[in-house]
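Mind folding the following:
(one chain, ligands or ions: 2)
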Amino acid sequence: MKYEYKISGVLRKRKLNKYVYEIYVKWAEKPPVGTFFMVWLPGFEAIPLSVADWDKGALKFLVQIRGQTTKALYSAEKVGLMGPLGREAPRPSSKPTLIAGGIGVAPLLYMRREWGGKLIYGARNSEMLIPLDELGGEVIVATEDGSKGIKGTVIDAFKENLAKSDIYSCGPLPMMRALGEMARSMGLRGYGSTEVPVKCGMGICGACAIAGRLLCKEPWIPLHLF
Ligand SMILES: Cc1cc2nc3c(=O)[nH]c(=O)nc-3n(C[C@H](O)[C@H](O)[C@H](O)COP(=O)(O)OP(=O)(O)OC[C@H]3O[C@@H](n4cnc5c(N)ncnc54)[C@H](O)[C@@H]3O)c2cc1C
Ligand code: FES
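Ligands and ions are numbered 1, 2, ... in the order given. Okay, the predicted model is just below:
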């Protein structure tokens, strides 16, 4: 992989709720599971986005609108893509348990398509969930206000559905710290990823350092290190 941007056309996009949309861009080669791209729009900063799916030359990102770039990206016709960055997530020994907090669901959807497994998916409220009928397979949902599924955090939902399988989880840092604590005390096996500032994306600047690793080089960190 060369660290350079390639211009790629946007194929289609669709709003999934008030905050989240999906966008498909052209990308010929299948990216490894668990990797991400730096996505650049002229006039904006490049931002990291996880591979949410890839099929027949179409790469999917799931984007939560936050600031300028995530807002503007919805109207883009072309984007600059650098990637796939990071490296393939270590493979599970059997069907994994995937634990997603909010937009952390994005990389887990691609893992699920490739590896299968049960998805435990939590958000603040039902308005922030992406359409559940499109997720397929076994999904356990939690919302903090109880507007859908189990009332509580995704960690509460996981505690009610403990499994021996390998765990892959992505969400905000406090959620990952809570899972890290569970991993240490209960001997859970698995990997997690979270949002950190990614600047260079190539292991040079150190901005993405977490748990003694550089997340841009190693996006999936053993859970017990969080
Ligand atoms: C490896 C990686 C993969 C990611 N994958 C996805 C994905 O698949 N889909 C998705 O929607 N988002 C993903 N993100 C987060 C995404 O990169 C940010 O939401 C985006 O950079 C925000 O850009 P913006 O210009 O719209 O907002 P900005 O204007 O940059 O920020 C808006 C607000 O959000 C805060 N903010 C921005 N980025 C972060 C951050 N990383 N952590 C905490 N607060 C932040 C800012 O402080 C500001 O208050 C990922 C992040 C990382 C590190
Ligand atoms: S973003 Fe620069 S080292 Fe990871």
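
Domain parsing of this structure, as residue ranges.
By the assignment in automatic domain parsing, the chain contains the domains 6-85, 97-225.

Need the distance between the two termini of the last one.
The stretch domain 97-225 measures 18 Å between its terminal residues, going by C-alpha to C-alpha, to the nearest Å.

and it, how far from the chain's centre?
What separates the centre of domain 97-225 from the centre of its chain is 8 Å, taken as C-alpha atoms, centre = their mean, to the nearest Å.

So which residues on this protein come close to ligand 2?
Proximity of the chain to ligand 2 (C-beta under 6 Å from any ligand atom) is limited to residues 198-201, 203-208, 214, 216. C-beta: built from backbone N, CA, C; applies to glycine.

Out of the residues you listed, who's the most crowded?
Cys216 (25 neighbours; other C-beta atoms under 10 Å).

With Leu98 as the reference, measure out to that one.
22 Å (C-beta to C-beta, to the nearest Å).

Could you confirm Asp156 falls within a strand?
No. Counting by DSSP: H, G, I helix; E, B strand; the rest coil, Asp156 is not part of a strand but helix.

Next one: it from ligand 1, what distance?
23 Å (C-beta to the nearest ligand atom, to the nearest Å).

Now do the contacts for that residue.
For Asp156, the contact set (C-beta atoms under 8 Å, 6 or more residues apart in numbering) comprises 142, 150.

and with 10 Å instead?
120, 122, 142, 144, 150 (C-beta atoms under 10 Å, 6 or more residues apart in numbering).

Which members of those are positioned in strands?
The strands, defined by DSSP state E, take in 120, 122, 142, 150 from the contacts of Asp156.

just checking, what packs against the longest strand that the chain contains?
Criterion DSSP E: the longest strand present in the chain is strand 6-15. Where contact means 3 or more C-beta pairs under 10 Å, 6 or more residues apart in numbering; DSSP states H and E, strand 6-15 is packed against strand 20-26, strand 36-40, strand 58-64, strand 78-85.
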